[in-house]
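1. Take this sequence and fold it.
(one chain, ligands or ions: 1)
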Amino acid sequence: MAGSRVQLELSRVLQGRARLGVLKGLGRTGQHSLDVPGCLLYTHLGTVPHLTQDTLHTISNLPSVTQVTLSHIAEHQEVLEEFKDGFRKFAGLHDTVLYCSLYDPAVLSPTGYITNKTVSLWGTGGRVELSVARFMALQKMVQPDWYHTMADGETWQINTSRKRVRKSVDRTLAHLDECLLLHQKSQELDSTVVFGVVEGGDILDERVRSARETAKRPVAGFCLDGFQTGAMDQDLRTQLITAVTKELPEDKPRLLQGVGRPDEVLACVEAGVDLFEGFFPFQVTERGCALDFSFDIYSEPELTARDEEEHAAGERQPNGDLNCDNQTQMTAFEMNLKDKRFQDDFRPLVEGCGCYCCKNHQRAYLHHLLVTNELLAGVLLMIHNTSHYQSFFSALRRALVDDKLDLLKKQLHRDEGSQTNRKENVLL
Ligand SMILES: [Zn+2]
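-> Below is the predicted model:
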């Protein structure tokens with residue numbers, strides 16, 4: 001059966017939901033594993049944006065799973081068909097597990113192009129319409145180690161009707177059955193793992209129905225769709241994910257799509273999520289920012305006088321109201337290095353960070369690269385942001401080992417809280 005080799009070994013489950021463990025048996029020969037909670041490596045056509053393979057591998061603790069998306073690959077179908085040897089070889093990827101998803105989590109796709117039988121993807125050349133047959137033909141060509149089945153996920157917008165949500169759950173289950181049928185007949189996908197997609201918008205009973213029905217199918221794990229940042233607030237997301245994960249078998253992994261902010265990641269881990277897409281460092285890089293939030297719960301970080309000044313001057317911005325643009329807005333977990341106050345700041349981006357950027361460069365240099373539009377700005381920021389984000393996931397797992405998730409949560413919210421308080425003090 002599809003994906004029967006993949007095994008989730010849980011070492012701890014806290015408060016009945018937050019899970020710590022290892023996903024084993026990944027890859028063609030089953031030699032790869034991935035710690036959970038964890039995230040995947042975000043790429044554009046197999047390449048981490050801004051980084052060469054050599055530069056990428058200066059970062060330690062990289063995830064063993066590389067994510068590629070059909071929205072990037074679909075328009076190159078003819079080239080890959082001619083190439084014949086699968087996407088991994090085409091992109092020069094070797095020692096990694098290849099996961100293929102439908103959409104790019106860092107990009108909002110236009111809505112309104114889904115039919116009973118098709119979904120639409122948007123590449124650089126415009127819209128590509130996929131039936132299940134074409135979707136599966138693409139998977140056979142990509143030959144990933146792991147993919148999720150085709151889904152109707154256009155029900156995340158606020159005020160989507162119950163009728164539309166029900167239809168999306170029905171369509172997604174029909175696509176799942178069709179995909180599984182074609183998968184089982186395919187030699188190319190013989191050792192490939194399949195995840196089913198849970199839909200249901202913000203309607204609790206539809207979420208539960210989608211989870212329950214998907215769990216009845218022979219899938220190796222689950223993708224939770226329609227919870228992305230901007231679609232709903234965290235309380236509702238937590239409530240729905242908690243209900244969904246209750247319906248899913250304990251021994252199979254749950255991957256949450258479209259959520260990357262550290263505070264939301266932590267809340268979703270508490271609701272029973274194991275895996276996340278790793279697009280957040282890329283979004284932060286694209287807005288000229290550097291991740292600088294603290295996740296060190298074992299030593300109390302002290303704010304320097306200059307830090308205080310920066311906070312008071314509103315260096316960080318609070319999170320905006322919920323809307324579709326939320327994914328591109330600066331969060332409280334990063335600093336905007338384009339700001340003039342960094343032009344004579346000769347400290348590393350984050351004191352104590354071991355990445356190439358922080359060991360060799362200062363905030364002032366990054367500020368200069370950004371204001372002069374040098375390509376190196378994106379390279380250095382992507383190194384730091386990827387490294388910082390991976391370290392956050394390591395800290396999250398360590399907090400689970402030591403039963404200190406609450407302390408980590410306090411630490412993350414302190415960044416947001418202290419910013420708001422300092423701002424108010426200045427106003428007074
Ligand atoms: Zn760094």
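2. Name the nearest residue to the residue nearest to the spatial centre of the chain, sequence neighbours excluded.
-> The chain has E277 as the residue nearest its centroid, 1.9 Å off, counting by CA atoms, centre = their mean. Distance criterion CB to CB, 6 or more residues apart in numbering; nearest residue to E277, sequence neighbours excluded, is P105 at 4.5 Å. In this view, the C-beta of every residue, glycine as well, is placed from N, C-alpha and C.
3. Show me what from the protein comes close to the ion.
-> The chain has residues 353, 355, 357-358, 384 near the ion, with proximity defined as CB under 5 Å from the ion.
4. Report the two of those residues separated the most.
-> C353 and C357 (7.9 Å; CB to CB).
5. Looking at the two, which has the bigger crowd around it?
-> Neighbour totals were compared for C353 and C357, and C357 leads with 25 against 18 (other CB atoms under 10 Å).
6. you'd agree that one is up against L381?
-> Yes: using CB atoms under 8 Å, C357 is in contact with L381, at 7.3 Å.
7. what residues do those two have in common as contacts?
-> Overlap between the neighbourhoods of C357 and L381 consists of L366, taking contacts as CB atoms under 8 Å, 6 or more residues apart in numbering.
8. quick one on the thing from earlier: any common contacting residues for C353 and C357?
-> Shared contacts of C353 and C357, defined by CB under 8 Å, 6+ apart, comprise H384.
9. How much space separates V36 from L10?
-> To L10, V36 is 8 Å away according to CB to CB, to the nearest Å.
10. joint contacts of the two?
-> Joint contacts of V36 and L10 (CB under 8 Å, 6+ apart) are 19-21.
11. So which of these belong to strands?
-> 19-21 (DSSP state E).
12. Just give me the closest of those to the ion.
-> Of all those, L20 has the smallest distance to the ion: 25.8 Å, by CB to the ion.
13. residues near the closest one, how many?
-> 20.
14. same deal with G46?
-> Residues lying near G46 (other CB under 10 Å) number 20.
15. ok, now which ones touch it?
-> 66, 68, 87-88, 90-93.
16. In ChimeraX, select just the buried ones from those.
-> Remark: buried members of those, expressed as a ChimeraX selection using 16 or more other CB atoms under 10 Å:
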select :66,68,87,88,90,91,93
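17. Let me know the pLDDT of the closest residue to Q15 other than its chain neighbours.
-> Spatial nearest neighbour of Q15, excluding adjacent residues (CB to CB, 6+ apart): E270 at 7.3 Å. Looking at E270, its pLDDT reads 96.
18. any idea how far E270 is from the ion?
-> 27 Å (CB to the ion, to the nearest Å).
19. Please say which of V36 and L10 ends up with more neighbours.
-> Higher neighbour count among V36 and L10: V36, with 26 against 14, using other CB under 10 Å.
20. surely the more buried one meets A18?
-> No: counting by CB under 8 Å, V36 sits too far from A18 to count as a contact (10.4 Å).
21. Just put the contacts of G46 in JSON lines and tack on secondary structure.
-> Shown next, in JSON lines, are the contacts of G46 (DSSP: H, G, I helix; E, B strand; the rest coil):
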{"residue": "T66", "secondary structure": "strand"}
{"residue": "V68", "secondary structure": "strand"}
{"residue": "F87", "secondary structure": "helix"}
{"residue": "R88", "secondary structure": "helix"}
{"residue": "F90", "secondary structure": "helix"}
{"residue": "A91", "secondary structure": "coil"}
{"residue": "G92", "secondary structure": "coil"}
{"residue": "L93", "secondary structure": "coil"}
